[in-house]
Each structure stands twice: as structure tokens, then as C-alpha cells.
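Asker: Predicted structure and sequence below. I'll ask about it afterward.
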Amino acid sequence: MRMVDLIQKTRDGIELTDEEIHFIIDGYVKEDIPDYQMSAWMMAICFQGLSKKETATLTKEMMHSGDVIDLSAIQGIKVDKHSTGGVGDKTSLVLGPIVAACGVPVAKMSGRGLGHTGGTLDKLESIPGLHIMIDEDDFVKQVNDCHLAIIGQSAHLDPADKKMYALRDVTATVSCIPLIASSIMSKKLAAGSDAILLDVKYGDGAFMKTIEDAKILARTMIEIGDSLGKDTRATISNMSQPLGNAIGNSLEVREAIDTLNGHGPHDLLELCLQAGSHMLIQAKKTDSLITARKMLEDTIHSKSALRALCAMVKAQGGDDEYIRHPEMFEKAKEVIAVRSIKEGYVKELEAMALGLVSMKLGGGRQTTEDEIDHSVGLILNKKIGDYVKKDEVLVYVHTNTGLSSALKDEILNAYHLTDEFVAKPELIDEILS
């Protein structure tokens, strides 16, 4: 078997066999297949696509390229959640605790952020002392004890994806649905959960720009999960503006805590309640969405979800007093108000532009080596559908380095106002299963 022949088959739209896909992934991980040939094959996929069978086989081979976590020692049906990412997306910090507080084990492996999207691990590390790398035995024990753990991915989990993603990033092969789907699902499947809920976002602040592409990606991932015996569902959610009001690591943790205390932003709470309701059904806690939602709301009213987050933080070495008293989080040196120079309804809000401002303040990474400043970021005072008066505050900027005129202009230019009434957008368009 020769790699050049397999590149040619994919280029010509001829379906590869399971054995041929195994040859490619196994050879690439073992470094028998060089980067230039793998790049050529992935570019062929970008042009020709893959069949459903090929995509499922590719995912399975990537999944088995390294460790596959065995969570059978965790009692109950393990449900994992994955978001395709977006500006202000702190969903896991709310969704994990409310689902765990209903007795569903949430054993989650998360990633770091790069660019305008923040990573869940970076947000958690704004809590002093919290460890995101723990061994598998402690991971299993923690989930059995408090039903919740959010940790970093093992270095030995899905090495094929690590190598392929690094290559895709520099060869213009990132925006390819079979490669995106296999990348996400191979990691989720290797992480060992019984069921998976995907939050596939679209819009300015998301990776998928249109709802049509988001649905294609979601259906592709659902087909992969179902083909490998995992109950997989997906929410299609609108990321035309940041989720919630906070952008930045400790600011987003504090907003998640506010939500668990019952006074967070409506859009964040609604997304978590809808997604969590489906997770409870996947975990067979109920077969009714109405009952599931009531169960989740009760965890907020009773503070049991907040206690679940405290228990997770403490188990991972963090100071849970920060969860009970979020005013303890390190604060930026300055909070600068950016005021509107116009009047009208907010028609559009460029989420990516605001995410990039937060990154430039130090809240995100341009390279994997960049250090994160956990205290900086933005708090939005106005979002789509809000009426803004001239000189009214649009955004509060939390900064340790001041605010340059260029960054201020980037914030102002992210807001598009109109004289005509604008309705607030629906957050979730559809749930697919």
C-alpha cells in the first residue's frame, strides 16, 4: 500500500477502505507518512469530501491512535458536552454543575483557548490553586464522589488529532466539515462518556458562519456518534453576539457563579437549561423536557449546583472560597467605560471583534506560548435589541495596560446601530438528534 495512491483515490472521489484509512492514520502517527503527504491528502478531502462511512472510520482510527479512557468504574450514564466555541462561552461552568447536581456524572476533558475564543481550562485556572491535570484514577474517584470533573486532556489522548490539527492550521485545511467532525468526535469518544451533547454555534463569533453549515457539521457528528454506539445530540445556537455579558477569564467565571446564584444573564441561563434538559434525558433521569428543566431550575434555587461547583474546585485543589465569595478574584487595575457616540437600537454586534479586543488586552493567546492575564476583559452593557442613548456606556473595559484609542475604536466599530426597532435574537434555533 502506498500513500501516493491513496491521495490519488481521494482526489478522484473514490471511497477508501477501512484498511486504507487505518494505514494512513497509523502511518502518520508513527511518522512513516510525512507531513507533506498528509497535507496533500487533507487538501484532497477539502475538495472532494468523505463519505459517511469514511468519516466514521477516520474518527474511529483517530480515536484509537492513543489512549481511550475507561470510565466504566463511574456509576451511572456519563454524559459529556462539547461546544464548538465562541466569544464569552462559559457554558461548561454552569451546565456541568446544574447537571451534576441532578445526580448525572459529568466527566469532562476540555481544552485551552487560542485566538478570540477563550478555553474552559484558562477560565478555571483563574481560581487560585486549581489543578486541571489529574490522573485517571483520581478523575474517576472525583466524578463518583461529586459527579463533576473538568480537566485537561491527557497528552496520550488522540495523538493523531494533535498532529493533524497542527498541520491543518498551517495548510489552509481547517474549514473542512469531515476533518472538523472527526477531530471533535475522536476526542469526545476517546474521553469515554456514554452520551454526547454538542453545542454547534454559528455566526460572527463562531467557527461556522452560517446556520446551514452548522447543521451539516452537527448532523455529521451525530452520524459518527450513532455509528459508534453513542447517543449523540446537538443544539444549533446563534453566536451573532457574545454569550452573556462577560468576555475574559475570571470575569466569565464570576458571571457563571452569578448564574448559579440565580441572577446571571438570560441568554446564558437559557442555553444551559435547554442543553441540560437534553443531557438529563440522555442520562435517563427523565423522559420529559419539562420535568428535566424543572429539575435543573431547582438546583439553582436550592444552591445545590453552586455546591457542586465548590466540590469540584476543592477536589481539584482550588480555593472554593472564591466560588462562595467571587469578589475575592483578582481585579484589573482599571475599569474604563466606553460610551456610545451615536443613538439607536443595537442591530449588529461583532462578537469576534470584541473577542480580539479582550485577547489584545491579555485575556487570550495569539500563540500557544502566550501567558494569560486572568483579570482583564470586557463587560457588555448593551447587546443586540437594546436601545442606546448617546454617551451611554456600551462596554466596561477591565485592563492592566490602559485602553489605546485604536482598541477603543475597535469596540465602537463592533456596534452597529439603527433608528428602527430591533428584536432580541433567538439563541437556540434547533436541537438535532
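Answerer: Thanks, I have the structure now.
Asker: Could I get the phi/psi values of the nearest residue to L309 once chain neighbours are set aside?
Answerer: In space, and not counting its chain neighbours, L309 is closest to P97: 4.3 Å by CB to CB, 6 or more residues apart in numbering. The way it works is simple: take the backbone N, C-alpha and C, and place the C-beta from them, glycine included. Main-chain dihedrals, P97, degrees, to the nearest 10: phi -60, psi -40.
Asker: mind listing what P97 touches?
Answerer: Counting by CB atoms under 8 Å, 6 or more residues apart in numbering, P97 touches L148, L260, T299, A305, L306, A308, L309, M312.
Asker: so of those residues, which ones are in strands?
Answerer: Secondary structure from DSSP state E places L148 of the contacts of P97 in strands.
Asker: most neighbours, which of the contacts of P97?
Answerer: A305 (30 neighbours; other CB atoms under 10 Å).
Asker: Can you tell me which of the contacts of P97 is nearest G88?
Answerer: L260 (16.5 Å; CB to CB).
Asker: for the closest one, what are its contacts?
Answerer: V94, P97, I98, I300, K303, A305, L306, L309.
Asker: pLDDT weak spots in the stretch 301-433 of the chain?
Answerer: 366-369 (pLDDT under 70).
Asker: how does it look with 90?
Answerer: By pLDDT under 90, the low-scoring segments of the stretch 301-433 of the chain are 351-352, 359, 362-372, 425-433.
Asker: Could I get the full set of strands for it?
Answerer: 334-339, 344-349, 377-380, 387-388, 393-399, 415-418, 428-432 (DSSP state E, counting those that start in this stretch).
Asker: what's the fifth one in contact with?
Answerer: The set of residues external to strand 393-399 that reach it, using CB under 8 Å, 6+ apart, is 248, 251, 331-340, 354, 357, 361, 375-382, 388, 403, 407, 411-412, 415.
Asker: The residues you listed, buried ones only, as a PyMOL selection?
Answerer: In PyMOL syntax, the buried subset of the contacts of strand 393-399 is picked out as below (16 or more other CB atoms under 10 Å):
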select buried, resi 248+251+332+338+340+354+357+361+375+376+377+378+379+380+381+382+388+403+407+411+415
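Asker: so how far is A423 from K331?
Answerer: 35 Å (CB to CB, to the nearest Å).
Asker: now the helices for the stretch 101-250 of the chain?
Answerer: Under the criterion DSSP state H, counting those that start in this stretch, helices of the stretch 101-250 of the chain are mapped to 120-124, 136-146, 159-169, 177-190, 211-227, 249-260.
Asker: of the ones you listed, which approaches S39 most closely?
Answerer: helix 159-169 (5.9 Å).
Asker: other SSEs contacting that closest one?
Answerer: helix 18-29, helix 35-48, helix 52-63, helix 177-190 (3 or more CB pairs under 8 Å, 6 or more residues apart in numbering; DSSP states H and E).
Asker: Next, format the ones you listed as JSON lines and append mean neighbour count and distance to Q241.
Answerer: JSON lines is the format used below for the helices and strands packed on helix 159-169 (neighbours: other CB atoms under 10 Å; distance: least, CB to CB, whole Å):
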{"stretch": "helix 18-29", "mean neighbour count": "19", "distance to Q241": "38"}
{"stretch": "helix 35-48", "mean neighbour count": "17", "distance to Q241": "30"}
{"stretch": "helix 52-63", "mean neighbour count": "22", "distance to Q241": "32"}
{"stretch": "helix 177-190", "mean neighbour count": "24", "distance to Q241": "23"}
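Asker: now stretch 21-39, how far from the chain's geometric center?
Answerer: 28 Å (CA atoms, centre = their mean, to the nearest Å).
Asker: With only the CA atoms kept, save that stretch in PDB.
Answerer: In PDB, the C-alpha atoms belonging to stretch 21-39 read as follows (Å, rounded to 0.1, in the frame of the first residue of the first chain):
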ATOM      1  CA  ILE A  21      -7.700   4.700   6.300                       C
ATOM      2  CA  HIS A  22      -6.000   2.700   9.100                       C
ATOM      3  CA  PHE A  23      -2.800   2.600   7.000                       C
ATOM      4  CA  ILE A  24      -2.900   6.500   6.700                       C
ATOM      5  CA  ILE A  25      -3.600   7.300  10.400                       C
ATOM      6  CA  ASP A  26      -1.300   4.600  11.800                       C
ATOM      7  CA  GLY A  27       1.500   5.500   9.500                       C
ATOM      8  CA  TYR A  28       1.200   9.200  10.200                       C
ATOM      9  CA  VAL A  29       1.200   8.800  14.000                       C
ATOM     10  CA  LYS A  30       4.300   6.500  13.700                       C
ATOM     11  CA  GLU A  31       5.900   9.100  11.300                       C
ATOM     12  CA  ASP A  32       6.100   6.700   8.500                       C
ATOM     13  CA  ILE A  33       4.000   9.100   6.400                       C
ATOM     14  CA  PRO A  34       5.500  12.600   6.100                       C
ATOM     15  CA  ASP A  35       3.700  15.900   6.700                       C
ATOM     16  CA  TYR A  36       3.700  16.800   3.000                       C
ATOM     17  CA  GLN A  37       1.800  13.700   2.000                       C
ATOM     18  CA  MET A  38      -0.700  14.100   4.900                       C
ATOM     19  CA  SER A  39      -1.200  17.700   3.800                       C
END
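Asker: How about D12, nearest residue that isn't a chain neighbour?
Answerer: That would be Q48: by CB to CB, 6+ apart, it lies 7.7 Å from D12.
Asker: Pull the contacting residues for the one you found.
Answerer: T10, R11, D12, G13.
Asker: Highest neighbour count among these?
Answerer: That'd be T10 among those, by other CB under 10 Å, with 24 neighbours.
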